[in-house]
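**Q** Show me how the following folds:
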Amino acid sequence: MPRPQRLILQVLSNPCICGASKGAKVNQNPSNRSSAEEEIQALLAQSDSGSRNPAGLTGRFLWLVALSWALFQLWYASPLPFVFNFGVFNDTQARAIHLSFALFLAFTAYPAFRRSPRLYIPWHDWIFALLGALSAAYLLIFESELARRSGAPTQMDLIAAVTGMLLLLEATRRALGPPLMIVALVFLVYTFGGPYMPDVIAHAGASLNKTMSHQWLTSGGVFGIALGVSTSFVFLFVLFGALLEKAGAGNYFTKVSFSLLGHMRGGPAKAAVVSSGLSGLISGSSIANVVTTGTFTIPLMKRVGFPAHKAGAVEVASSTNGQLTPPIMGAAAFLMVEYVGIPYIEVIQHAILPALISYIALIYIVHLEALKAGMQGLPRRHTPTLAQALLSWASILIGFSLFSLAVYYLFGWTKEVLGQGSYWLMSLLVALGYLLLVRHAATYPDLKMDDPNSPVVELPEVAPTVKSGLYYLLPVFVLVWCLTVERFSPGLSAFWASAFMIGIVLTHKPLKAFFRQSATLTSASREGVTDLFEGLVTGARNMIGIGVATAAAGIVVGTVTLTGVGLVMTEFVEFLSGGNIMLMLIFTAAISLILGMGLPTTANYIVVSTLMAPVIVTIGAQNGLIVPLVAVHLFVFYFGILADDTPPVGLAAFAAAAIARSDPIRTGVQGFAYDIRTAVLPFMFIFNTELLLIGIESWMHLFITVVSATLAILIFAAATQGYWLVKLRGYEIGVLLVIAFSLFRPGFWWDQIYPPDEHLPSNQIERLAATETDALRLWVEGETLDGTQVRKLVVLPLAPGHDGAQRLADAGLMLSELDDRMRVDMVGFGSAAQRAGLDFDWEITEILVELDRPAKHWVFIPALLLLLMMYLLQRSRARVLSKA
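**A** Reported below is the predicted structural model:
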């Protein structure tokens, strides 16, 4: 069993656990609770930042190393190197330094074995740490020499590469467990043993010189795109989250969620969903979300009637989905920017609707569980009237909307008038807003985390709770503004948000003390400095596993590019799936879940997307389905995250079970059952890309898409829970599933009634290109360079124009006609035709033209009528049961 699971099971066996059932004598002892909390924090450290943290001079030295890493990353992401023309690093240099820090800290923070010392670092780990750091830094130290002898490594180059590769594999085993190390080893073995593999995946093989040169001494393997994204983007976002958490934002989000939702039926569980979703804004780790919010939410859920395993499962489902929540998604989301080739703002745009409806469905699932069990919420100190509650919500929504509109239009106007000077004005306004919000927050007491095991738990009042930390939202606002309005890179956006967050960490406590005229101003200032340094160090330690994981996953990418196995995968997977796109998707989802049991989400995403994303796009085209690449990558991303609660290995489920004192397997199974509503979404948005906001043509179209998707996921959640107004019968579940499917994918039924396309002969291509169409959909067939015969659907975008032949030529496509058959004479290099997948001497067999037909959304009418009938039937049964 991997080390993190063993530690979690130790916590499970400890009767002092803070989540023990209500009334247990042990929970009345504060020292016992403190001991349990320490063990849970040790669990988190073991999986995220390393369980070894020695004291004394060694501890201070490692603290300085982690701090140095954080400061380097801030410097690298900032514009300061270019302002002062000093300390400018290119991508290769920065990646080498990044991995040097990660390897050094991996060997010092993570012990080799279960019984290895925790309180000091053995001499051999010091040697491994130094050798690992030097092997990674080799690319920085000898950069010019390596460039001159590219492809012809010396003996010293090979020694450095082999040493670095072996130490990277060992660091991966320590930080992440054996699975990722084994996957990397399998791909290395495949690289060397290509001639001895089965015919379907055989290749010529590669020598040690060629492999090590490609994997370590160039940017094709370990130091490739994945490590580059970790260096440029991910570190800053992890650091931003660590600083937010250190400032107290995590507690603030939890308290706000409970103040707003805790009084509802099953309120603590609903608040757990929202607080975990908000924690996902500042944490890319599922287990960190579970431990941060679960120590408070899980015992409260148990108190209002949730069984232990369901309380843990709710926390697991909501915490794992935190990585799906824009604007700060998991590290894998930043890799999409490079792999798909789109700006991060587009990733956010495509991911926002599935993430929102997934959380809405989870809240509804919690509501259904509360209904089934007859649960109640927690008492409020002062129960507001309905008018007061509506006024409070309305004032919050109206205030937020007015603030957003004022900021947007005010800054838009000042940008036109002042140009670059508007940035200084915006900075001044944000700083002024921060001072005003902190001054307002100082009039309210600081939020303290309540003991969830105390005899009486009262919900905090909404207004004071919300107002006590509104300034925590400002850095998130700065981040979103930089990403969406200014269109800065993710790295630069995260830098400005982190820079602002540093100012908040340093000043919010002293400012509160000043506004309160407290005598603790000096001590508050010292606390601010301490919090800043601890936040920087925590952010660096939390990056150890991600840095090592992205480097190790680079071995997989390097193997694919070196051996060409990616091309073979298409044939292999097509053979397994029989060319069926649905079987292909199920196969990919299963691979993601299986690999995700042992691999972190980032590494899982890199491995599966590298191998499977091109295959899905290819097989989709062969089935007449144009699948956007971002949809495939989000598909893999979703199932990689869902693996965090997939039994029997899901670490998030083990962590929640440790707090809930429930069976970890049962907790994981229940959590996965709750996550089925998330698992169905990737299958839906592959076939209906409107769910990713692709192809939305108007505000009304957007409204219909959002409403139908939300209603569909709620119906699906009720069906999978077997409960709506009353318990569902078997046929009712089937009907609800059909309704949900119809709302998710109305085009499926509409295509049966109205054919979507007309098939025209290929000799009409010039006539069609002369119309106002923006693109042509062409069925093509031909032979690839490796002799494979293919037939697929391609989309050829066309530039504006009126002459069909000229528009085709501008797209890079030259054709010849023979017996009414159109063949490709030439495809321009780098042209739209080449990017679409056309090749020389291929034949265009048909042209698909979309038919003018009624909108597919008419399917919603019979679906909603059927839903109304189901509702009336359920309500009738509910009345009968209430009288019984």
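**Q** From now on I want contacts and neighbour counts done on CA atoms only, so please keep to that.
**A** Noted.
**Q** And the helix or strand harbouring Leu743, what does it pack against?
**A** Element membership for Leu743 (DSSP states H and E) is helix 730-744. Helix 730-744 sits against helix 699-721, helix 860-883, with contacts defined as 3 or more C-alpha pairs under 8 Å, 6 or more residues apart in numbering; DSSP states H and E.
**Q** Tell me the helix or strand right after it.
**A** By DSSP H and E, the next helix or strand past helix 730-744 is helix 746-753.
**Q** Tell me which residues are up against the next helix or strand after that next one.
**A** Sequence order places strand 757-761 as the next helix or strand after helix 746-753, per DSSP H and E. By C-alpha atoms under 8 Å, 6 or more residues apart in numbering, the residues outside strand 757-761 that reach it are Thr845, Glu846, Ile847, Leu848, Val849, Glu850, Leu851.
**Q** and the fifth one, how many neighbours?
**A** Val849 has 16 neighbours, counted by other C-alpha atoms under 10 Å.
**Q** tell me which element it is part of?
**A** Applying DSSP H and E as the criterion places Val849 in strand 843-850.
**Q** For that strand, buried residues please.
**A** Within strand 843-850, the residues that qualify as buried are Glu843, Ile844, Thr845, Glu846, Ile847, Leu848, Val849, counting by 16 or more other C-alpha atoms under 10 Å.
**Q** Take those residues and lay them out in TSV including pLDDT.
**A** Compiled in TSV, the buried residues of strand 843-850 are given as follows (pLDDT from 0 to 100):
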residue	pLDDT
Glu843	88
Ile844	89
Thr845	88
Glu846	89
Ile847	89
Leu848	88
Val849	88
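**Q** all helices of the stretch 51-200 of the chain, in order?
**A** Remark: helices assigned in the stretch 51-200 of the chain by DSSP state H, counting those that start in this stretch are 56-77, 80-84, 91-109, 123-141, 143-148, 155-176, 178-192.
**Q** Output the below-cut-off pLDDT ranges for the stretch 151-300 of the chain.
**A** 280-286, 288, 292 (pLDDT under 70).
**Q** Show me the strands in the stretch 451-600 of the chain, by range?
**A** For the stretch 451-600 of the chain, no strands are identified by DSSP state E, counting those that start in this stretch.
**Q** Can you list the low-confidence ranges for it?
**A** In the stretch 451-600 of the chain (pLDDT under 70), the answer is 451-458, 566-567, 569-571, 597-598.
**Q** need the helices for it, in chain order.
**A** Here the stretch 451-600 of the chain has its helices, by DSSP H, counting those that start in this stretch, at 462-467, 473-484, 490-515, 521-542, 544-563, 565-577, 581-596.
**Q** winner for burial among these?
**A** helix 544-563 (a mean of 26; mean count of other C-alpha atoms under 10 Å).
**Q** what helices or strands is that helix leaning on?
**A** helix 91-109, helix 155-176, helix 178-192, helix 208-216, helix 225-229, helix 601-622.
**Q** what about these, which gets the closest to Gly722?
**A** helix 601-622 (30.8 Å; C-alpha to C-alpha).
**Q** re the thing from before, same list (the helices and strands packed on helix 544-563) but as JSON lines, adding mean neighbour count.
**A** Formatted as JSON lines, the helices and strands packed on helix 544-563 follow (neighbours: other C-alpha atoms under 10 Å):
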{"stretch": "helix 91-109", "mean neighbour count": "26"}
{"stretch": "helix 155-176", "mean neighbour count": "21"}
{"stretch": "helix 178-192", "mean neighbour count": "18"}
{"stretch": "helix 208-216", "mean neighbour count": "21"}
{"stretch": "helix 225-229", "mean neighbour count": "26"}
{"stretch": "helix 601-622", "mean neighbour count": "24"}
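**Q** Turn the ones you listed into JSON lines, including distance to Asp839.
**A** Converted to JSON lines, those look like this (distance: least, C-alpha to C-alpha, whole Å):
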{"stretch": "helix 91-109", "distance to Asp839": "34"}
{"stretch": "helix 155-176", "distance to Asp839": "39"}
{"stretch": "helix 178-192", "distance to Asp839": "29"}
{"stretch": "helix 208-216", "distance to Asp839": "29"}
{"stretch": "helix 225-229", "distance to Asp839": "28"}
{"stretch": "helix 601-622", "distance to Asp839": "15"}
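**Q** of all the ones you listed, which lies closest to Asn321?
**A** The nearest among those, by C-alpha to C-alpha, is helix 601-622 at 12.0 Å.
**Q** If you average the pLDDT over stretch 862-877, what comes out?
**A** Rounded to a whole number, the mean pLDDT of stretch 862-877 is 92.
**Q** And for that stretch, what's in contact with it?
**A** Contacts of stretch 862-877 (C-alpha under 8 Å, 6+ apart): Trp724, Leu725, Val726, Glu732, Leu736, Ile739, Ser742, Leu743.
**Q** Next one: the second one from Tyr674, what distance?
**A** Remark: distance between Leu725 and Tyr674 (C-alpha to C-alpha, to the nearest Å) = 19 Å.
**Q** higher neighbour count, those two?
**A** Tyr674 (24 against 18).
**Q** and the closest residue to that one other than its chain neighbours, which of the three is it?
**A** Of all residues not flanking Tyr674 in the chain, Ala317 sits nearest, at 6.5 Å (C-alpha to C-alpha, 6 or more residues apart in numbering). The three-state assignment at Ala317 reads helix, by DSSP: H, G, I helix; E, B strand; the rest coil.
**Q** Tell me, how many residues neighbour Ala317?
**A** 30.
**Q** these two touch, right, it and Gly671?
**A** Yes. Between Ala317 and Gly671 there is a contact under C-alpha atoms under 8 Å: 5.4 Å.
**Q** related to what we said a few turns ago, what helices or strands is the strand holding Val849 leaning on?
**A** So strand 843-850, by 3+ C-alpha pairs under 8 Å, 6+ apart, packs with strand 757-761, strand 775-783, strand 821-827.
**Q** what are the pairing partners of the second one, and which direction each?
**A** With DSSP bridges as the test, strand 775-783 is paired with strand 789-797 (antiparallel), strand 843-850 (antiparallel).
**Q** and that strand with helix 601-622, angle?
**A** 90 degrees (axes from the mean of the first three to the mean of the last three C-alpha atoms, to 10 degrees).
**Q** try the first one
**A** Per the same axes, to 10 degrees, the angle that strand 757-761 makes with helix 601-622 is 60 degrees.
**Q** Could I get the CA-only coordinates of strand 757-761 as CSV?
**A** The C-alpha coordinates for strand 757-761 follow below in CSV (Å, rounded to 0.1, in the frame of the first residue of the first chain):
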residue,chain,number,x,y,z
ASP,A,757,-26.9,17.8,-43.7
GLU,A,758,-27.2,17.4,-47.5
HIS,A,759,-24.5,15.4,-49.2
LEU,A,760,-23.3,17.1,-52.4
PRO,A,761,-20.9,15.8,-55.0
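**Q** Save the helices of the stretch 451-600 of the chain as CSV, and put in distance to Leu881 too.
**A** As requested, these are exported to CSV (distance: least, C-alpha to C-alpha, whole Å):
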stretch, distance to Leu881
helix 462-467, 36
helix 473-484, 47
helix 490-515, 55
helix 521-542, 53
helix 544-563, 54
helix 565-577, 48
helix 581-596, 41
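**Q** so which of those helices comes closest to Tyr423?
**A** Tyr423 lies closest to helix 473-484 among those, at 11.1 Å (C-alpha to C-alpha).
**Q** what angle separates that closest one from helix 490-515?
**A** Here helix 473-484 points in a direction 160 degrees away from that of helix 490-515 (the same axes, to 10 degrees).
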